[in-house]
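>>> with the sequence up front, the predicted model follows.
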Amino acid sequence: MKKTFQTLICAAFTLASTVGCGHAQSSENKAAESSENLPKVYFYKEINSENLVKIYEALGREAKGKVAVWRCGRKAEGKVAVKLSTGEPGGHNFLQPALIKDLVQKVNGTIVECNTAYGGKRGDTQSHLQAAKDHGFTAIAPVDIMDAEGETELPVTGGKHLKSDIVGKNFLNYDFTVVLSHFKGHAMGGFGGAIKNISIGIASSNGKRNIHSAGASTTSWGNPEQDDFLESMAEAAKAVIDHCGENILYISVANNLSVDCDCDSSPADPQMGDIGILASLDPVALDKACTDLVRSSKDHGKIHLIERIDSRHGMHTLDYAEQLGIGSQKYELVELD
């Protein structure tokens, strides 16, 4: 059974002025007509492994690799990447293996990551693999640190900061990417969701510095204007999306809603309750829906996460991503139960 809600109808949110009611239509008929062309964002309030699989199935896009048939008649199955954060040691808010195991194994996925650019305990491949093991990820699926053997460049078209997105070399080995994100706050970007996961997350260590510096350097983070950094994330995300075509989908789990990201070894404790699982074929719509549900929550603790998002001008990432044509901030929210 499913219930359909539209972001075009302000009554869907209690804080209408902060969640995009500028998109509201004057009549429900107009809203119904326009919703037919809007990207769908599916939503489960209850967070469990069964619903994670069911929301994947609701998207209607099967995560599978290309199948090559050899002359002898044997088939070689393609590879599916599941991009998530393995979590910085010391942190505890990252998506837990017990929650994601069924989904990862259903798509026969390989968990993929790239090394960090801030040192820590995931800054080199050996340490990163140890962290993945300690956090339980290697027990449920193979783990590939994609820049372990080098990096490659994906072209950025239509951007103004990046000429290319420098990603882990092994990313090219995968036929399909499941972007499995933990939605939460972020010290630099305001929030972390699908766009951040495919931009900084798939970038190699050098690529991460390239994004953070807004294209100025691969050896340091530089000191760019905040909006230039946010726009660079969107440009890097576009490069990944252009590369994948339709062979990508996005699922976000909005739980353990700390103001800090999973790259923090000492994240702040969450100060608001969990929201649920969301999924879409549109990463911009998905990130917007997550932020909308935070803003419309009746949980007073949301003020801390909202402050983190707004103080970093975090919504500008989605404004610019929409300008680049990689998604829409208008969407139809479909609640599943």
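Cool, the structure landed.

>>> give the other helices and strands that the helix or strand where I303 lies contacts.
Assigned by DSSP states H and E, I303 belongs to helix 302-311. Applying 3 or more CB pairs under 8 Å, 6 or more residues apart in numbering; DSSP states H and E, we find helix 302-311 packed against strand 184-186, strand 190-192, helix 283-296. For every residue, glycine as well, the C-beta is placed using N, CA and C.

>>> which of the residues in the helix or strand following it are buried?
Once helix 302-311 ends, the next helix or strand along the chain (criterion: DSSP H and E) is helix 316-324. The neighbour-count check on helix 316-324 (16 or more other CB atoms under 10 Å) flags H316, T317, L318, Y320, A321, E322, L324 as buried.

>>> pick out the most distant pair among the residues you listed.
H316 and L324 (12.4 Å; CB to CB).

>>> now the common contact residues for these two.
Taking CB atoms under 8 Å, 6 or more residues apart in numbering as the contact rule, H316 and L324 have no neighbour in common.

>>> show me where the stretch 201-337 of the chain has strands.
Secondary structure of the stretch 201-337 of the chain (DSSP state E, counting those that start in this stretch): strands at 248-254, 276-280, 332-336.

>>> in CSV: those, plus distance to S181.
Output for these, formatted as CSV (distance: least, CB to CB, whole Å):
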stretch, distance to S181
strand 248-254, 4
strand 276-280, 9
strand 332-336, 17
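
>>> reformat the ones you listed as TSV; add mean pLDDT.
Formatted as TSV, these follow (pLDDT from 0 to 100):
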stretch	mean pLDDT
strand 248-254	98
strand 276-280	99
strand 332-336	98
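
>>> got a markdown table for those, with mean neighbour count and distance to E231 too?
As requested, those are arranged in a markdown table below (neighbours: other CB atoms under 10 Å; distance: least, CB to CB, whole Å):
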| stretch | mean neighbour count | distance to E231 |
| --- | --- | --- |
| strand 248-254 | 26 | 20 |
| strand 276-280 | 26 | 22 |
| strand 332-336 | 20 | 27 |
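
>>> so which of the ones you listed is nearest G207?
G207 sits nearest to strand 248-254 of all these, at 17.9 Å, using CB to CB.

>>> hmm, which helix or strand of this protein has the shakiest average pLDDT?
When the helices and strands of the chain are scored by mean pLDDT, DSSP states H and E, strand 75-76 comes last with a mean of 44.

>>> surely E46 touches N255?
No - the pair E46 and N255 does not pass the contact test of CB atoms under 8 Å, sitting 10.9 Å apart.

>>> between those two, who's got more neighbours?
More crowded of E46 and N255, by other CB atoms under 10 Å: N255, with 19 against 11.

>>> I appreciate the help and will end here.
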